[in-house]
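In: fold the stuff below for me.
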Amino acid sequence: MRSQPNSKSVVLFLSISLLGMLMVVIVSAEQLSAAPGSPAPQGISDETAGRSRDVKVEKEKATREGTPLVATITAVGGIIVAIIGVVSAFFSERRTHDKELEITRLTGELARRKDLELAHENFLNALNTEYDTALRSERVAEYRKLWELMINLPKYPRPVELSIEGLECLAMECRKWYFAGGGLFLSEEARERYFNLQDGCKIILEKSCKGWPSDSDETPSEDFLRKHLDRQDNWKPPMAIVNLAGHRFEKQDFLPGKVTEELRRLGSSLRTALTDDVLTRRTSQVKVAQGATC
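Out: Numbers count the residues shown, from 1 in each chain. Next up, the predicted model:
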């Protein structure tokens, strides 16, 4: 980076230039003043020679008087031009220097902002990673408990016969798990599927004690199900809920196979959402990396 011009150096330069110009003018004036007049040519009369000398003297006098003035004007003009040039160069150099300083300042400020943004982003990433790790650990512990409660709703082997008492016990145990703190860790999707399973249990339990409000054997509408089960307006009942609501139920010791199968589907859907939350069915990144190097 070029250094900033020194104002003292500029003033000194101008002073020396001015002094030099004045000395040139003074010396020129003195030389002109000291120059002798030319002698009169021989062979010319005294009167004619006198007149010639007078004319010549007048011309030389005018020349001597005018020459210093012209020289002074020329010198002053030269000095003014020199001053303008030096001042222009001075301010041009200063503008360049100021511009370089501004560029340096802006570059440093931009670098600092980038560093702050990067540090903030790294902090948020670390915070999110720490939070996700802690949340996943808590979910694994809580979801394992809920998973065990659905042992009577497996796909393989064939589900054992489930009684009304067993279904009521399942619904109550799930509710206990939910309010003991497990429901706190359900994601939005897992929560919806948890309520689907509880609503399926509710439909069968109400039908078993004649508490189902619909007297018709036809499948209830989605609006009816949303209102009766107290679900959101945009909730679309899964097919298992629709089938359970349309099933003609007669009280017996064990639930019909069709009813058990629909409840199993609701349980399976919930289990899938739980595994999605904790990413336990995702391919290990170590295995992916090993496969990429093969």
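In: tally of neighbours for residue 187?
Out: Residue 187 has 15 neighbouring residues, counting by other C-beta atoms under 10 Å. (Glycine included, C-beta is placed from N, CA and C.)
In: need the contact list for the closest residue in space to it that isn't next to it in sequence.
Out: What sits nearest to residue 187 in space, not counting adjacent residues and going by C-beta to C-beta, 6 or more residues apart in numbering, is residue 277, at 5.0 Å. By C-beta atoms under 8 Å, 6 or more residues apart in numbering, the contact set of residue 277 is 139, 143, 186, 187, 190.
In: so what pLDDT did residue 277 get?
Out: Note on residue 277: pLDDT of 95.
In: now do residue 43
Out: For residue 43, the pLDDT comes out at 51.
In: can you give me the helices for the protein?
Out: Under the criterion DSSP state H, helices of the chain are mapped to 7-34, 46-149, 164-179, 188-208, 222-228, 239-246, 257-278, 285-293.
In: for the stretch 151-294 of the chain, which spans come out with low pLDDT?
Out: Filtered on pLDDT under 70, the stretch 151-294 of the chain yields the residue ranges 214-217, 284-294.
In: repeat that for 90
Out: 155-161, 207-220, 246-254, 280-294 (pLDDT under 90).
In: in contact with the closest residue to residue 270 other than its chain neighbours, which residues?
Out: Closest residue to residue 270 apart from its sequence neighbours, by C-beta to C-beta, 6+ apart: residue 193 at 4.3 Å. Going by C-beta under 8 Å, 6+ apart, residue 193 touches 266, 269, 270, 272, 273.
In: format these as CSV; extra columns: distance to residue 220 and neighbour count.
Out: CSV is the format used below for the contacts of residue 193 (distance: C-beta to C-beta, whole Å; neighbours: other C-beta atoms under 10 Å):
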residue, distance to residue 220, neighbour count
266, 17, 24
269, 20, 18
270, 22, 26
272, 26, 14
273, 25, 20
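In: among these, which one sits closest to residue 93?
Out: Minimum distance to residue 93 across those is 71.9 Å, recorded for residue 273 (C-beta to C-beta).
In: report the backbone C-alpha coordinates of stretch 168-187 in PDB.
Out: Coordinates of each C-alpha in stretch 168-187 appear next as PDB, following Å, rounded to 0.1, in the frame of the first residue of the first chain:
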ATOM      1  CA  GLU A 168     -59.400 -52.400  27.200                       C
ATOM      2  CA  CYS A 169     -56.200 -53.200  29.100                       C
ATOM      3  CA  LEU A 170     -54.200 -52.300  26.000                       C
ATOM      4  CA  ALA A 171     -55.900 -49.000  25.600                       C
ATOM      5  CA  MET A 172     -55.400 -48.200  29.300                       C
ATOM      6  CA  GLU A 173     -51.800 -49.100  29.300                       C
ATOM      7  CA  CYS A 174     -51.100 -47.000  26.300                       C
ATOM      8  CA  ARG A 175     -52.900 -44.100  28.000                       C
ATOM      9  CA  LYS A 176     -50.800 -44.600  31.100                       C
ATOM     10  CA  TRP A 177     -47.600 -44.600  29.000                       C
ATOM     11  CA  TYR A 178     -48.800 -41.400  27.200                       C
ATOM     12  CA  PHE A 179     -49.400 -39.300  30.300                       C
ATOM     13  CA  ALA A 180     -46.400 -40.800  32.200                       C
ATOM     14  CA  GLY A 181     -44.200 -38.800  29.800                       C
ATOM     15  CA  GLY A 182     -44.100 -40.900  26.700                       C
ATOM     16  CA  GLY A 183     -46.500 -38.700  24.800                       C
ATOM     17  CA  LEU A 184     -44.100 -35.800  25.200                       C
ATOM     18  CA  PHE A 185     -41.700 -37.300  22.700                       C
ATOM     19  CA  LEU A 186     -44.100 -38.300  20.000                       C
ATOM     20  CA  SER A 187     -43.600 -36.500  16.700                       C
END
